[in-house]
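# Got a sequence here, can you build the structure:
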Amino acid sequence: MAEELDEPSAWLLSAEVVREAVELLTKEKIHQLFVLYLNLRRRAHQLGRFVQLDIDTDQIHDWLDVPGGPPDKPHFRPFNPTGNGQPAAFWLNRNLAGSYAPSSLRDAWRMLFMDEEGTYRLPVDATGSPDPAPIAKSLLADTQIPAWAVAAFIFRNFGFRVGPREGAPGLSALLNTFRDYFGWTSSANGKPGEEVLFDWEAEPSHSPVMVPHPDASGLEQYPLEVGSVVLYDDHPVRRLDASALGIGYEDKADRATAEPDAARIDKDDPAIRELIDAVLHYGGVILSGPPGTSKTVYANAAAKALADYDKERTCFTQFHQSYQFDDFIEGYRPREGDAPGFEHRLGVFANFCKRAEKHPDQAYVFVIDELSRGDVGRIFGEALTYIERSRRNQYFTLPSGRKFKIPHNLYIIATMNPLDRGVDEVDAAFERRFAKIATIPDPVVLEARLRENGLPENLITGVVNWFNQMNGLARESPAAAVGHAYFWGATDEDSLKKLWRYQLSHVVERAFRHDKEQETRLTAAWEKLFEVAPVDETAPEGDEG
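Next up is the predicted model:
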């Protein structure tokens, strides 16, 4: 039984529930203009009519304003028709009024939201009642979205007031407020109302839904009837920032690394399947390819799949010029604390071998990124001979005099760039011991990613053509190879221009430093991509976000 309260109390949605709502919404296929629809529905509820509406950009600002976003893009709109869950595609610029102005709406959306007089309206049926069908078809692809998630995002910064004797509010309070705030109709003239757009049974996995407001003294008090739950007012009382919502810079950086991306790759993907089969047969595999060809992503994905997604059975390290035998196998280090002298310590690989040795029936996978950046002979030492499949479980003597072996259930996946200086040495050391798989720039993967990112079709065609032209020249100039992962964050014309300025132009310059004519041709081909304005039927005109 809920605790009874003698006085009205103030509550806020918990950050965990809001974060879950944002994650869910960004993975749903919801059109960007759903924000406009929500705003118009709120105005219709306030004005008591469905025609001659105006938009309240201050209210949209309150809904979408998220501190900590990219420079000049402070508004996060968790609606995107791709449903790709990549927050980089959801940030909007400061010009909200321009994004939702009549002049920014394409013809299809102008017909849906505008009347002949040029004022906003909402779809109604022949009787003048709300008609959810056009919204469901045009903005939601005829699917329902969880009501709690939309409500949690819209009200994430709002304060709730609970009437006396009501106790702590839960999900029903949030949903009832959502109904009251927008005036959703359950039915009209015997036809389904706007509530059909939402799934009202879905629930968040986090609990509690609301937490007490730490300081309600500054909130305006509205008269309440006993048993009611309402918003304190129509404006935010706090500002959850991008980090709290899991969409900040650090969060995006985490998602951009190979390890989180690898978790989303299907282990039945043909490339992953080939890699796993080769690892099991040879005991180790080297993925060799130019930068941006998903080597690290595939290596991590295969490692996780082989280890049944048990973090204790995978280990990741990266070689570099300063990496030594002491770091990898064994060495002597200063004693910890104030004790004088040195003590023997096993390196990261030797320690992992010891762990694998304790569980011989389970696969343990060691991933080495940038294998060719280190001196493999010096790093592996005597172990180089015994990583070979036929020599596993054989004891050998380390420089310290200790006996050591590499267990049969330990597998190694390594990545390298064929243009690195140490490649010849790596090939000589590993060619008989490991399998080698080439990873190449893939235009099919590139095109699928660009389409998933919502890039306009004419830009997709142009980018793929330039990509093929550049990589075609790599046969004669290997440094010209450009991987598809370079384009992973390309969502619009602006992001493509930044990609050229800060990365691709330097790749072209380095690859053709002795062929200025070819460099000029590739530069001109890239600039030609933007001669025709992009046509994007999925986004409002004038929306730079």
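# Quick one, grab the pLDDT at the closest residue in space to L275 that isn't next to it in sequence.
Closest residue to L275 apart from its sequence neighbours, by CB to CB, 6 or more residues apart in numbering: A302 at 4.5 Å. For glycine as for every other residue, the C-beta is placed from the backbone atoms N, C-alpha and C. The score at A302 is 90. That number is its pLDDT.
# what about the helices in the stretch 151-300 of the chain?
Per DSSP state H, counting those that start in this stretch, the stretch 151-300 of the chain has helices spanning 171-182, 249-256, 258-263, 270-282, 295-306. These are given in chain order.
# Between the ones you listed, which has the poorest mean confidence score?
Per-segment confidence across these bottoms out at helix 258-263, which has a mean of 37 in mean pLDDT.
# In contact with D308, which residues?
D308 sits next to 362-363 when contact means CB atoms under 8 Å, 6 or more residues apart in numbering.
# Check the protein for its longest helix and report it.
helix 457-472 (DSSP state H).
# in it, what counts as buried?
For helix 457-472, burial by neighbour count (16 or more other CB atoms under 10 Å) applies to 459-460, 462-464, 466-467, 470-471.
# Equivalent analysis for stretch 435-455, please.
For stretch 435-455, burial by neighbour count (16+ other CB under 10 Å) applies to 435-437, 439, 441-442, 445-447, 449-450, 453-455.
# Per-residue pLDDT of A88, please?
The predicted local confidence for A88 is 58.
# actually D310, not the one I typed
The predicted structure scores D310 at 86 on the pLDDT scale.
# Ramachandran coordinates for it?
Dihedral angles phi and psi of D310 (degrees, to the nearest 10) take the values phi -90, psi 110.
# Please give the number of neighbouring residues around it.
Applying other CB atoms under 10 Å, we find 14 other residues in the vicinity of D310.
# Against A305, how distant is the closest residue to it other than its chain neighbours?
Setting aside the residues directly before and after it, D310 is nearest to Q362 in space (CB to CB, 6+ apart), at 7.9 Å. Per CB to CB, to the nearest Å, Q362 is found 13 Å from A305.
# same question, R378
When distance is defined by CB to CB, R378 is 32 Å away from A305.
# Which of those two has more residues huddled nearby?
A count of neighbours by other CB under 10 Å puts A305 above the other of R378 and A305, at 22 against 12.
# so who does the residue nearest to L275 touch?
267, 272, 275-276, 279, 365, 413.
# before we move on, back to that, would you put the C-alpha positions of the longest helix of the chain in PDB?
What follows is the C-alpha trace of helix 457-472 in PDB, where atoms were taken according to Å, rounded to 0.1, in the frame of the first residue of the first chain:
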ATOM      1  CA  GLU A 457      20.300   9.500 -52.300                       C
ATOM      2  CA  ASN A 458      22.200  11.800 -54.600                       C
ATOM      3  CA  LEU A 459      25.000  12.200 -52.000                       C
ATOM      4  CA  ILE A 460      25.100   8.500 -51.400                       C
ATOM      5  CA  THR A 461      25.600   7.900 -55.100                       C
ATOM      6  CA  GLY A 462      28.300  10.500 -55.300                       C
ATOM      7  CA  VAL A 463      30.200   9.300 -52.300                       C
ATOM      8  CA  VAL A 464      30.200   5.700 -53.400                       C
ATOM      9  CA  ASN A 465      31.400   6.600 -56.800                       C
ATOM     10  CA  TRP A 466      34.300   8.700 -55.300                       C
ATOM     11  CA  PHE A 467      35.100   5.900 -52.900                       C
ATOM     12  CA  ASN A 468      35.400   3.400 -55.800                       C
ATOM     13  CA  GLN A 469      37.500   5.800 -57.800                       C
ATOM     14  CA  MET A 470      39.900   6.400 -54.900                       C
ATOM     15  CA  ASN A 471      40.300   2.700 -54.100                       C
ATOM     16  CA  GLY A 472      40.700   1.800 -57.700                       C
END
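# Tell me which residues are up against that helix.
Residues from elsewhere that reach helix 457-472, judged by CB under 8 Å, 6+ apart: 441, 443, 446-447, 450-451, 455, 480-482, 484, 487, 490, 493, 496, 508, 522, 525-526, 528-529, 532, 534-535.
# How many residues are close by the residue nearest to F178 when sequence neighbours are not counted?
Across the structure, with CB to CB, 6+ apart as the measure, the residue nearest F178 apart from its sequence neighbours is A151 (3.8 Å). For A151, the number of neighbouring residues by other CB under 10 Å comes to 23.
# Quickly note the distance from A151 to H235.
From A151 over to H235 the distance is 17 Å, taken as CB to CB.
# quick one: least confident helix or strand in the chain?
Of all the helices and strands that make up the chain, helix 258-263 has the lowest average by mean pLDDT, DSSP states H and E, namely a mean of 37.
# Next up, phi/psi of L53, please.
phi -100, psi 160.
# So what sits opposite it in the bridge?
L53 forms beta bridges with Y120, as assigned by DSSP bridges.
# wait, isn't it in contact with Q46?
No. Assessed by CB atoms under 8 Å, L53 is found out of contact with Q46, at 9.5 Å.
# Any stretches of the chain with poor pLDDT?
Confidence mapping of the chain against pLDDT under 70 gives the ranges 1-8, 71-72, 82-89, 163-166, 216-230, 232-234, 248-268, 421-425, 427, 532-545.
# Show me the domain layout of it.
Described in terms of automatic domain parsing, the domain architecture of the chain consists of the residue ranges 9-252, 257-438, 443-530.
# the strands in the stretch 401-545 of the chain, which residues?
Secondary structure of the stretch 401-545 of the chain by DSSP state E, counting those that start in this stretch: the strands cover 403-404, 410-416, 435-438.
# what pairs with the last one, and is each one parallel or antiparallel?
Using DSSP bridges, strand 435-438 pairs in its sheet with strand 284-288 (parallel).
# Tell me which residues are up against the partner strand.
Outside strand 284-288, the residues that touch it by CB under 8 Å, 6+ apart are 275, 278-279, 295, 298-299, 371, 387, 389, 411-418, 426, 430, 433-439.
# Go ahead and build a ChimeraX selection from the buried members of these.
To isolate in ChimeraX the members of these that are buried, counting by 16+ other CB under 10 Å, one can use:
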select :275,278,279,295,298,299,371,387,411,412,413,414,415,416,417,426,430,433,434,435,436,437,439
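# Surely W148 touches E20?
No. With contact defined as CB under 8 Å, W148 and E20 do not form a contacting pair (9.4 Å).
# so what sits against both of these two?
P204.
# more crowded one of those two?
Neighbour comparison, W148 and E20: the larger count goes to W148, with 24 against 18 (by other CB under 10 Å).
# so which helix or strand takes in that one?
helix 147-154 (DSSP states H and E).
# CA atoms only for that helix - export them in PDB, please.
Written as PDB, here are the backbone C-alpha positions of helix 147-154 (Å, rounded to 0.1, in the frame of the first residue of the first chain):
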ATOM      1  CA  ALA A 147       3.500   6.000 -24.600                       C
ATOM      2  CA  TRP A 148       5.700   6.000 -21.500                       C
ATOM      3  CA  ALA A 149       8.900   6.700 -23.500                       C
ATOM      4  CA  VAL A 150       7.500   9.700 -25.300                       C
ATOM      5  CA  ALA A 151       6.000  11.000 -22.000                       C
ATOM      6  CA  ALA A 152       9.300  10.500 -20.200                       C
ATOM      7  CA  PHE A 153      11.300  12.400 -22.800                       C
ATOM      8  CA  ILE A 154       8.800  15.300 -23.000                       C
END
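# when you give positions from now on, start the count at 735
Sounds good: first residue 735 from here, last item helix 881-888.
# before we move on, back to that, mind giving me a markdown table with the buried residues of stretch 1169-1189 and columns for distance to L772?
A markdown table is the format used below for those (distance: CB to CB, whole Å):
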| residue | distance to L772 |
| --- | --- |
| A1169 | 54 |
| K1170 | 54 |
| I1171 | 49 |
| T1173 | 44 |
| P1175 | 42 |
| D1176 | 39 |
| V1179 | 36 |
| L1180 | 35 |
| E1181 | 33 |
| R1183 | 30 |
| L1184 | 29 |
| N1187 | 24 |
| G1188 | 21 |
| L1189 | 26 |
